[in-house]
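Enquirer: after the sequence you'll find the predicted model.
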Amino acid sequence: MKSDPVSKPKAVPAVHLQTIGPEEAGQRLDNYLLRWAKGVPKSHVYRIIRSGEVRVNKKRAEPTTRLIEGDVVRVPPVRIAEPAQMAAVSTAQTKSRAQGYSDKMPILFEDEALLIVDKPAGLAVHGGSGIALGVIETLRITRPELKFLELVHRLDRDTSGVLLLAKKRSALVEMHRQIREGHTDKRYYLLAHGEIAQGAQVMQLKFPLHKYLLANGERRVRVDPDGLPSHTALRVTKTFQREEVAITLAEAQLKTGRTHQIRVHLQKLGHAILGDDKYGFEDQDKQIKSKRLYLHAHLAGFTHPRTGEKMRIESPLPAEFSAMMNAFEQLPKTIYENE
């Protein structure tokens, strides 16, 4: 009789000691662990931090602790998901879908520190809430040689245009500093319902914004006196008319970066953005057959995090904008246009 083959013992999870290098330095402990322990539930990661099982330099640490180069992080035994258990990023189907997304996402600029892409409307910047692939997952699959890649900022799923990603931890930290201190220039083109008559100057929209959740858990923002301060500079470019319907092409410059800021400011102004399914005018969108959210991040200005060079990255106006404007007749120049 053949003897039963000796089964191999299962590997027992071991304590891990991780030394923080220059690319990991500057990030929060919880974010570091969530990236390192892919496949481990987020709730478990926070539990082992708060229980003291995770140590930084042999001391207890908070989830918000900032790691510095040379720190030694002790991680208790955890079972990290095997590749087959991971979200299907390794499957041929997912790779094919990621390549398809990547092909529709032109690279506007790339060097050793930054990757800047032209994000199409309809593609989320990251997965989650039923979305398997966003920009970040797509690029990590199609560019596996990039050992570090993180979003510098975000765009709404239905907003298109310039999106910055960092290829170095140091670049990410520096870009976040510039954003935090107001040293970046982010401008958007939008098509709004109605004719916006702004006068001779740029309109300064400073409606305070408050985030809240609907009963189904979906995030929304409203103007509220007790909300956070926000500031959008709005410049009308052109207006168009077709029978009794008017639309306006305008440029919005972000002075602050609140969630859904431009969309809610335009709604409050009474000129919601075309195709806005959260803050827009549904009946009017149906009337003019809006095909998307007509909001496009067309310009990003910043200082290069390594060279110190002044950068100005631009994305052309999408074809959908031109098609919509061509369906109307441009009105002649008036005082509300700011030359």
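Expert: Now that the structure is in, tell me what you want to look at.
Enquirer: state the mean pLDDT of the helix or strand where residue 240 lies.
Expert: Applying DSSP states H and E as the criterion places residue 240 in strand 232-242. What strand 232-242 shows for mean pLDDT is 95.
Enquirer: can you list the strands that it pairs with?
Expert: Paired neighbours of strand 232-242 in the sheet (DSSP bridges): strand 203-205 (antiparallel), strand 245-254 (antiparallel), strand 329-330 (antiparallel).
Enquirer: can I get those strands in a markdown table including mean neighbour count, mean pLDDT and distance to residue 139?
Expert: (Glycine included, C-beta is placed from N, CA and C.) A markdown table is the format used below for the strands paired with strand 232-242 (neighbours: other C-beta atoms under 10 Å; pLDDT from 0 to 100; distance: least, C-beta to C-beta, whole Å):
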| stretch | mean neighbour count | mean pLDDT | distance to residue 139 |
| --- | --- | --- | --- |
| strand 203-205 | 16 | 95 | 33 |
| strand 245-254 | 20 | 96 | 24 |
| strand 329-330 | 11 | 92 | 38 |
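Enquirer: to residue 14, which of those lies closest?
Expert: strand 245-254 (47.1 Å; C-beta to C-beta).
Enquirer: thinking again about what came up before, how about the strands paired with strand 232-242 in CSV, adding distance to residue 190?
Expert: Converted to CSV, the strands paired with strand 232-242 look like this (distance: least, C-beta to C-beta, whole Å):
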stretch, distance to residue 190
strand 203-205, 12
strand 245-254, 6
strand 329-330, 17
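Enquirer: I'd like to know which of those strands lies nearest to residue 297.
Expert: strand 245-254 (9.3 Å).
Enquirer: quick one: distance of that closest one to the chain centre.
Expert: Centre-to-centre, strand 245-254 and its host chain are 22 Å apart (C-alpha atoms, centre = their mean, to the nearest Å).
Enquirer: next SSE after that strand?
Expert: That would be, after strand 245-254 and using DSSP H and E, helix 261-269.
Enquirer: tell me the buried residues in the helix or strand following that next one?
Expert: Note on helix 261-269: by DSSP H and E, the next helix or strand toward the C-terminus is helix 282-288. Using 16 or more other C-beta atoms under 10 Å as the test for burial, helix 282-288 gives 285, 288.
Enquirer: the next helix or strand after helix 282-288 pairs with which strands, parallel or anti?
Expert: Later in the chain than helix 282-288, the nearest helix or strand by DSSP H and E is strand 295-303. With DSSP bridges as the test, strand 295-303 is paired with strand 160-166 (parallel), strand 185-193 (antiparallel), strand 310-314 (antiparallel).
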